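In: What shape does this take:
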Amino acid sequence: MTTSHTTTIAAVAEQLRQGSLTIPDLLWRCRRRIADLNDRLNAVVTLAPDVEAQAEQREEELRTGKDRGPLHGIPLLVKDNIDVAGMPSTVASPIFASALPAATDAAVIAGLREAGAIILGKTNMDEFAAHVSGRTSCWGPTVNPWHMSRNCSPGGSSSGSAAAAAAGMCLAALGTDTGGSVRLPAAWCGLFGLRPSWGLLPMRGIYPRAASMDVPGVFTRSPGDMIPLLRAMLGSDLPPAARTGKPRVGIMSRLIRQLAGSLDGVNECYEEAVERWTGLGCTLVEVAFPLLTDAEVGSVVDRLRSYEFYRDVSKDVETSPARKRMNAVPAADYAAGRDLPDSLLQAAQNRRRELAEATQSFFAGEDLDALLLPAALMTAPRLDAPAEVYGKARLLMNLFSITGNPVLVYPGGSIDGMPFGMQLVGPVRTEARLIELAGLYEGQFHPFAAPPSSPGRGGK
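Out: Sure, this is the predicted structure:
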């Protein structure tokens, strides 16, 4: 199985139905890719014990006329905070390092199984989903598959899912996003990634990070592959893309020039993105949205996230003999939530409601299909980069972590050989429209490219 932009769920599904590829062979190729690369990437932490039986069963179904749809026989990897029956959910923490296998599937996994997908295994992540680096896992850090010798971050906390999907270990992967945990890994690993509208997909069976912000998300090599994944996870069709006609896309060129300053390549990538969307027949509108980079937004996100984290995990933490072995990052976040004064919590909750209302009013007032922004003002830093570097990486993501808007990240170019991601932010419940727009872009520019991480090429 190659890992070019053409290796999509849709393309493989066609091969399976033509008989030029079998599901066991497809599974073998994914597992071979894991065997070849995982020692260096550390992306996969657990393989499903019954995966060969899953593949044989799905192959038999397909050959005897039971076709479950486009996900039939497609191998997926799943972030290790999402329950998969028969495998432990460790949340990459010493507190759960010896967890028993989950008895039942999370709701989104049950939907994917019903649609015929094969759950290949579980992926590495930042401990308790509490960072954006991929370096805080009790199982060790995950390495970005692009130019592995540079030892760059894949982004986090869905670090293993993004690295595995980019490296060809699976056809797509599941993550979760609270403060950027799908968006940033997609941007830094050169993938399509979607943070759906808050509340669209069920959270049952997913370990909480901050319940009022948490969403399941997906990593794919094509925006079209998101549709069957989301349908299966949702158990129904997506809310329809009601808008038609010439897409109207908001841009913030003046702000990006100001923020990018002398950063190599950032402004050039954004200007090229603006030109490309103009060439695709979109109406691009320069907009002003000061709330996007208001320093207060980051504080609201941090306070709510810390409080909800402490509230929802304190029982597990306080009763665990391993609590003192938590990584310093989630431990500090836990303490911040525990010690947050009620007055600051109430103020953050009130401000969050105001920000959400202002954001929806902005999209309605500007009549936008999407807002086009860089996902981050940088490509992947080294894993050992200072904490403030990772804090800055979330600047253009923070607001949409608390407003409920869907965000689709797509491969927007490269700087010094590393992927540079762009994000399309839409009004609430407009995932179908964002996917439609990303498909328009993909049809012209074919942006996915595999990282140079094949065993014979040394990851140089």
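
In: show me what contacts the closest residue to Y270 other than its chain neighbours?
Out: The spatial neighbour of Y270 that comes closest, neighbours along the chain excluded (Cβ to Cβ, 6 or more residues apart in numbering), is I256 at 4.8 Å. Every residue, glycine included, has its C-beta placed from N, CA and C. With contact taken as Cβ atoms under 8 Å, 6 or more residues apart in numbering, I256 is in contact with V266, N267, Y270, L373, P374.

In: again, but for Q349
Out: Contacts here follow Cβ under 8 Å, 6+ apart; on that basis Q349 touches L304.

In: just the one 3 residues further on next, same as before
Out: When contacts are counted by Cβ under 8 Å, 6+ apart, R352 is found next to V300, L304, I402.

In: So for the helix or strand where E357 lies, what gets flagged as buried?
Out: Secondary-structure assignment from DSSP states H and E places E357 in helix 342-366. Of the residues in helix 342-366, those buried by neighbour count under the rule 16 or more other Cβ atoms under 10 Å are L345, A348, R351, R352, L355, A356, T359, F362, F363.

In: Check stretch 62-78 too.
Out: Neighbour counts using 16+ other Cβ under 10 Å place L62, R68, P70, L71, H72, G73, I74, P75, L76, L77, V78 of stretch 62-78 among the buried residues.

In: swap in stretch 117-137?
Out: Here stretch 117-137 shows 117-137 as buried, counting by 16+ other Cβ under 10 Å.

In: residues near A99, how many?
Out: Using other Cβ atoms under 10 Å, the number of residues around A99 comes to 14.

In: quick one on the thing from earlier: next SSE downstream of the helix or strand the residue nearest to Y270 falls within?
Out: Remark: I256 resides in helix 253-260, with elements defined by DSSP H and E. Counting by DSSP H and E, the next helix or strand C-terminal to helix 253-260 is helix 266-279.

In: List the buried residues for that following helix?
Out: V266, N267, C269, Y270, A273, V274, R276, W277.

In: Closest one to A162 out of those, please.
Out: C269 (19.3 Å; Cβ to Cβ).

In: How about the contacts made by that closest one?
Out: The contact partners of C269, taken as Cβ under 8 Å, 6+ apart, are P374, G412, G413, I415, F420, M422.

In: who's in contact with the last one?
Out: Under the criterion of Cβ under 8 Å, 6+ apart, the contact partners of M422 comprise 187, 269-270, 273, 372-375, 409-413.

In: In CSV: the contacts of C269, plus pLDDT.
Out: Shown next, in CSV, are the contacts of C269 (pLDDT from 0 to 100):
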residue, pLDDT
P374, 98
G412, 95
G413, 93
I415, 95
F420, 97
M422, 98
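
In: Pull out the buried members of the residues you listed.
Out: Burial of the contacts of C269 was assessed by neighbour count (16+ other Cβ under 10 Å); the buried members are P374, G412, G413, F420, M422.

In: The third one - that's part of a strand, no?
Out: This means G413. Yes: counting by DSSP: H, G, I helix; E, B strand; the rest coil, G413 is part of a strand.

In: quick one: contacts for it?
Out: Listed by Cβ under 8 Å, 6+ apart, the contact set of G413 reads G265, C269, E272, A273, P419, F420, M422.

In: Not counting its own residues, what contacts stretch 308-324?
Out: If you take Cβ under 8 Å, 6+ apart as the criterion, stretch 308-324 is touched by 93-97, 128, 130, 208-213, 326, 330, 333-338, 340.

In: how about a cut-off of 6 Å?
Out: P94, I95, P208, A210, A211, D333, Y334, G337, R338 (Cβ atoms under 6 Å, 6 or more residues apart in numbering).

In: Tell me the confidence at T7?
Out: pLDDT recorded at T7 is 85.

In: picking up where we left off before, I'd like the contacts of G413 as CSV, with distance to P240 appended.
Out: Output for the contacts of G413, formatted as CSV (distance: Cβ to Cβ, whole Å):
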residue, distance to P240
G265, 38
C269, 32
E272, 31
A273, 27
P419, 31
F420, 32
M422, 25
